[in-house]
Each structure stands twice: as C-alpha cells, then as structure tokens.
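**Student:** What follows is a predicted structure for the sequence shown.
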Amino acid sequence: MSVPREPLPAKLFLSILSAGWEAFWPGLLKKLNQAFGEADYVSDPIDFVQTSYYDKELGTPISRRVLGFEELVPQDRLPEIKLATNALEEKYARKDGNRIFNLDPGLITLERLVLATGKDFTHRIYLGQGIRADLTLIYTGGGWQKLPWTFPDYAGPELQAHLTRLREAYKQEITREREK
C-alpha cells in the first residue's frame, strides 16, 4: 500500500515570450518579484524561432526570458500561480485584447519539469481551477529527456541549458533544506 505524503517543494520558473520588451520590462519583473518572491535567475533574451504560433498576437521578432524564483513552492500551488500569471497577461494586454507577453509558469523538481496550462490534451492532468499540468520533460540519466508531446523549444539544447541551471540551483536549495 502506498502511503500519501506531501512532495518536496519545487523550483518555480517562468518562461516569458514577447516581441515588445521595452513596453513592460523591468516593471513586470518587479510585479513578478512581488507576487512570487525574488527572482534568483533571469536569463538574457533568447531568440524564439521554433514556431510562428505567437507571431500574430505578440508581433515579431519574439524572444524569451527564463526566470527562476528563490522561494521554493508547494507543488499544489501551480493552479494558483497560473491564474496569477493569466491575470498579469490580461492587465498588460492591448486594447484589442491581444497580449504583449505570454507567461508560462512551471515547476522544476529533481525528476521533472511541469508546465501549467488551461488547455486540455491527452497527456495533461487536471489540477483544479481550470488548470492542468503538462509533464514537459523528465530528468533521467544525467539529462533532460523529451517526451512525444514536448514542445520543440523545450526539447532543444539552448532552453535545456537554462533549465539545467535552475535544476542545479534547486538541488542545492533542497540539500540545504534537508541539512537544517
């Protein structure tokens, strides 16, 4: 029989896509720090060229920033976090309703990377409040392993390098917590 127990907290990360950073950055970073605690990792912009899916809404050229947050979070907070990022997207949206940025929150643990989404699909698990968990990558054999549904950018080495840095920071944070 399995015995229910709370999992370790996770490393909150956020992927931000936009073509108009000057309209909201660094003000958005300040709001994110207020909402989720201090960001301890902020990447430089990374060209986002794997798909044109967001071009019409966000404009071009699109780039991404990856953020990691210092404070570890309970894994069951993911729906609440996604709803908060959706509210920020709406707050900053253009008058026509189009977003100026796309915020994708997720959690990193030693074993996996999970993204939050409001969209249903075969491999996504409903968490509540209209939000689902998308198991995007697993970490095994010393590296990230893509899955059949992994988005091309998350499957690529550039984004995975940032995710590995976040995972390493998480690993150190968990080790410090266990030593207390």
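**Tutor:** Cool, the structure landed. Numbers count the residues shown, from 1 in each chain.

**Student:** Only C-alpha atoms, please: export stretch 171-180 in CSV.
**Tutor:** C-alpha atoms of stretch 171-180 as CSV (Å, rounded to 0.1, in the frame of the first residue of the first chain):
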residue,chain,number,x,y,z
LYS,A,171,19.2,20.7,-6.0
GLN,A,172,21.4,22.9,-3.8
GLU,A,173,18.4,24.5,-2.2
ILE,A,174,16.8,21.1,-1.4
THR,A,175,20.2,19.9,0.1
ARG,A,176,20.4,22.9,2.3
GLU,A,177,16.8,22.4,3.5
ARG,A,178,17.4,18.7,4.3
GLU,A,179,20.5,19.7,6.3
LYS,A,180,18.5,22.1,8.6
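
**Student:** and that stretch, which residues are buried?
**Tutor:** 173-174 (16 or more other Cβ atoms under 10 Å). For every residue, glycine as well, the C-beta is placed using N, CA and C.

**Student:** Equivalent analysis for stretch 141-158, please.
**Tutor:** Buried residues in stretch 141-158 (16+ other Cβ under 10 Å): 144, 150-151, 153-155.

**Student:** go on, stretch 25-39?
**Tutor:** 25, 28, 32, 36, 39.

**Student:** Could you provide those residues in a markdown table, with additional columns for pLDDT and secondary structure?
**Tutor:** Listed next are the buried residues of stretch 25-39 as a markdown table, based on pLDDT from 0 to 100; DSSP: H, G, I helix; E, B strand; the rest coil:
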| residue | pLDDT | secondary structure |
| --- | --- | --- |
| W25 | 95 | coil |
| L28 | 97 | helix |
| L32 | 98 | helix |
| F36 | 97 | helix |
| A39 | 98 | strand |
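
**Student:** Next step: the buried residues of stretch 141-158 restricted to strands.
**Tutor:** W144 (DSSP state E).

**Student:** wait, which of the buried residues of stretch 141-158 is closest to A87?
**Tutor:** F151 (23.4 Å; Cβ to Cβ).

**Student:** Surely that closest one touches F121?
**Tutor:** No. Between F151 and F121 there is no contact under Cβ atoms under 8 Å: 11.7 Å.

**Student:** Please report how far the residue nearest to H123 when sequence neighbours are not counted lies from L115.
**Tutor:** In space, and not counting its chain neighbours, H123 is closest to W149: 5.4 Å by Cβ to Cβ, 6 or more residues apart in numbering. Going from W149 to L115 by Cβ to Cβ, to the nearest Å gives 11 Å.

**Student:** how about the buried residues of stretch 25-39, which pair is most distant?
**Tutor:** Checking the buried residues of stretch 25-39 with Cβ to Cβ, the most distant pair is W25 and F36, at 16.1 Å.
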